[in-house]
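Engineer: Let me see the structure of the following:
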Amino acid sequence: MVSLTTPLIPHTFGGMKKKKEFSKIYELAAQLQSLRRRATQLGMFVDDRELLSCAKCGLEEDVTIEGLLIVVQPSAPGSDTGFRFSPVGKSKRRYRCPQCKTILMCGNEA
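Structural biologist: All right, here's what the predicted structure looks like:
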């Protein structure tokens, strides 16, 4: 799978026509990345990772019908606690549970 952050490298054997076609693709990819960043800022889930669930305290992420990312207690599904799992470090693979402070890795307890 090609990541949206991985730059595509056009083949040079096609002349200027190929370069123009790829420049349109680059422009669309940049617009898509911008939309994903904006959606994330607005609290929407952009399906760029697994939903998180803490095995220690049970707190878990869910997505509303509108696409908003919420965090719920298992005893109250659909009711947002207002908590958010926070990324740990720059890898975006480790997250801290806002309730019990456990470090999670890609949806699994580390």
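Engineer: use CA for all of it now, contacts and neighbours both
Structural biologist: OK.
Engineer: ok, the spatially most central residue of the chain to K20 distance?
Structural biologist: The centroid of the chain falls nearest to D48 when counting by C-alpha atoms, centre = their mean (3.3 Å). Between D48 and K20 the computed distance is 29 Å (C-alpha to C-alpha, to the nearest Å).
Engineer: With L42 instead?
Structural biologist: 33 Å.
Engineer: and the nearest residue to T102 once chain neighbours are set aside, backbone torsions?
Structural biologist: Closest residue in space to T102, ignoring its immediate chain neighbours: R96 at 5.6 Å, by C-alpha to C-alpha, 6 or more residues apart in numbering. Note on R96: its backbone torsions stand at phi -110, psi 130 [degrees, to the nearest 10].
Engineer: pLDDT score for R96?
Structural biologist: The score at R96 is 94. That number is its pLDDT.
Engineer: Wait, it touches G89, no?
Structural biologist: No - R96 is beyond contact range of G89, at 10.3 Å (criterion: C-alpha atoms under 8 Å).
Engineer: if you count what's nearby, which of these two comes out ahead?
Structural biologist: The residue with more neighbours, out of R96 and G89, is R96; 19 against 9, by other C-alpha atoms under 10 Å.
Engineer: And this protein, what are its domain boundaries?
Structural biologist: 1-42, 60-109 (automatic domain parsing).
Engineer: Distance to C54 for those - can I get that in JSON lines?
Structural biologist: What follows is those, written out as JSON lines (distance: least, C-alpha to C-alpha, whole Å):
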{"stretch": "domain 1-42", "distance to C54": "21"}
{"stretch": "domain 60-109", "distance to C54": "6"}
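Engineer: hey, which of the ones you listed is tucked in deepest?
Structural biologist: domain 60-109 (a mean of 16; mean count of other C-alpha atoms under 10 Å).
Engineer: Give me the distance between that domain and the centre of its chain.
Structural biologist: 12 Å (C-alpha atoms, centre = their mean, to the nearest Å).
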